[in-house]
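In: got a sequence here, can you model it:
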Amino acid sequence: MMTAPNAIEKGLPSNLDAERFVLGSILLDESMYVQAAGTLQPDDFSLEKHRRIFRRMGELQQRGEKIDRITVANELMKFNELEVCDGLSYLVSLDDGLPQLPNLDSYIRIVKDKSTLRHIIFASQAMMNRALMGEEEPDEILAGAEKTLLDLGDERTKSGLEHSREIVAGYEGGLNAFLDPSKRIKGISTGFVKFDELTGGLHGGELVILAGRPSMGKTALALNMAQHVALKLKQTVAIFSLEMSKESLLTRMLCASARVDSQRFRQGYLSQDERHKLHHALTELVEAPLYVDDTPGAHLMDMHAKLRRLQAERHHIGLVIVDYLQLMTGHGRFENRVQEVSALSRGMKLLAKELKLPILVLSQLSRAPETRQGDHRPQLSDLRESGSIEQDADVVAFIFREEVYNKDREDLKGLAELILAKQRNGPIGTIKLVFIHSQTKFENQAEAAREIEE
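Out: Model prediction:
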């Protein structure tokens, strides 16, 4: 095995002949530029002069001009780069030794492979520098290292344009599912029947925003969905709780699942029947594929790394919940909070798309619904701190309970609405729900009625 000093003496990975043959092939046949540019970037070449030549070739191609030795030399001259690239004589020599039938695909692959190795080295050096400086938390450095290496891996496996035949062949459920909507793979059920009917469930790659004013029950509704997915569907659920501790969150889920008054549970005044229900519910909860992270002020990069690890262990994640968006911190510097929240919402959408899983993000609303005369129902314009939340989200839903504004009216007690205000791929509408205060739990209206009768 090569020792570290010997590896350093060997220098950075490169294959200059392969780089020359890529450039030489293009100079002989300009149509080959498109083939090369589909995989290679200027920075994939190890020599600065090769990077300059490839970049100027690209500029000629964009303007629709011919690519040959003379035009490339002229383009380099315009930027005072011809001498740096060893003049016209070097351009002429690029095809020296090139086979009569050049194998461009192989040359491109070699150049790309060497470029990837160099990027791994540079990334590793950057990680070492961050670790040696020790100016950041170890977890943050580790998350950054994981993301950098994962991005390098993703760069090598990026898919390009696909023929329509390939798209249909790769469709989940096959050709029959593509032709017949009734046979298509459905999204993840939330347990709320009308919501599932309108949305088709929660789908991979979607960013779903659940917003509301304080005390409306955003967290309760999200946890009810999480319990349904983890307990009923037996699918993995990851919850990032930036507001509540994991113990408080688990207590809420336990009381909701056991249908036990949460206040009685906290005070310890429980009957034998209630204790039995709690014991049974806790047994189900600890066996469910449910994961909770209550790290305060979590970074998007940190969430990315944790989800990638969980996905590698569990192979599939049914649902991710983030409670809530405005408590997250962006990675980097921002001029104001609006820019930061915009970057977070866009990052969450990209994360959902990359990992191909649904992400349910809770969000605060501005005070506008409270100052609105008459109807206090929230609107899309009420989303707090950023208009980009509405833009990035595939689904925006508001939880609304009129009883919060009219506490004296007994007829409003327990009535709730889940307002589907935006859906990129379907209809909007309002779903009637019932809120059971003692259990901090939402139910479908029919289910709640049955419970009252019992």
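
In: give the contact list for Leu249.
Out: Applying CB atoms under 8 Å, 6 or more residues apart in numbering to Leu249 gives the contacts 219, 223, 239, 241, 292, 294. No exception for glycine: its C-beta is placed from N, CA and C like everyone else's.

In: and the last one, how far from Ser241?
Out: From Asp294 over to Ser241 the distance is 5 Å, taken as CB to CB, to the nearest Å.

In: so Ala211: helix, strand or coil?
Out: Judged by DSSP: H, G, I helix; E, B strand; the rest coil, the three-state class of Ala211 is strand.

In: and the pLDDT for the closest residue in space to it that isn't next to it in sequence?
Out: Leaving aside its sequence neighbours, Ala211 sits nearest to Ser363 (CB to CB, 6 or more residues apart in numbering; 4.2 Å). pLDDT for Ser363: 85.

In: would Ser363 count as being in a strand?
Out: Yes: judged by three-state DSSP, Ser363 forms part of a strand.

In: show me the contacts for Glu321.
Out: You called it Glu, but residue 321 is Ile. By CB under 8 Å, 6+ apart, Ile321 lies in contact with 222-223, 225-226, 237-240, 359-362.

In: center of this protein - which residue?
Out: With distances taken as CA atoms, centre = their mean, Leu351 lies nearest the centre of the chain, 0.8 Å away.

In: pull the number of nearby residues for Gln326.
Out: A total of 17 residues lie near Gln326 under the criterion other CB atoms under 10 Å.

In: next: Leu362.
Out: There are 24 residues near Leu362, going by other CB under 10 Å.

In: ok, now the one 10 residues further on?
Out: Burial of Arg372 is recorded as 13 neighbouring residues (other CB under 10 Å).

In: what do you get for Leu420?
Out: Neighbours of Leu420 using other CB under 10 Å come to 20.

In: now the one 3 residues further on
Out: Burial of Gln423 is recorded as 19 neighbouring residues (other CB under 10 Å).

In: so what's Arg55 closest to, chain neighbours aside?
Out: Per CB to CB, 6+ apart, closest to Arg55 is Pro42, 4.4 Å.

In: hang on, isn't that neighbour packed against Lys49?
Out: No: here Pro42 does not reach Lys49: they are 11.2 Å apart, not a contact under CB atoms under 8 Å.

In: ok, back up a step: among the contacts of Leu249, list the two that are farthest apart in space.
Out: Leu223 and Asp294 (13.4 Å; CB to CB).

In: neighbour count: these two, which is higher?
Out: Shown here are Leu223 and Asp294; by other CB under 10 Å, Leu223 has more neighbours (26 against 17).

In: my read: Val92 touches Arg69, true?
Out: Yes: Val92 lies in contact with Arg69 (CB under 8 Å); the separation is 6.0 Å.

In: higher neighbour count, these two?
Out: Between Val92 and Arg69, Arg69 has the larger neighbour count (other CB under 10 Å), namely 16 against 13.

In: who are the contact partners of that one?
Out: With contact set as CB under 8 Å, 6+ apart, Arg69 has these partners: 27, 88, 91-92.

In: now it: how far from Leu82?
Out: Applying CB to CB to Arg69 and Leu82 gives a distance of 11 Å.

In: quick one: common contacting residues for those two?
Out: By CB under 8 Å, 6+ apart, the residues touching both Arg69 and Leu82 are Leu88.

In: average pLDDT for the helix or strand that contains Glu247?
Out: Here Glu247, judged by DSSP states H and E, is contained in helix 246-258. Regarding helix 246-258, the rounded mean pLDDT is 83.
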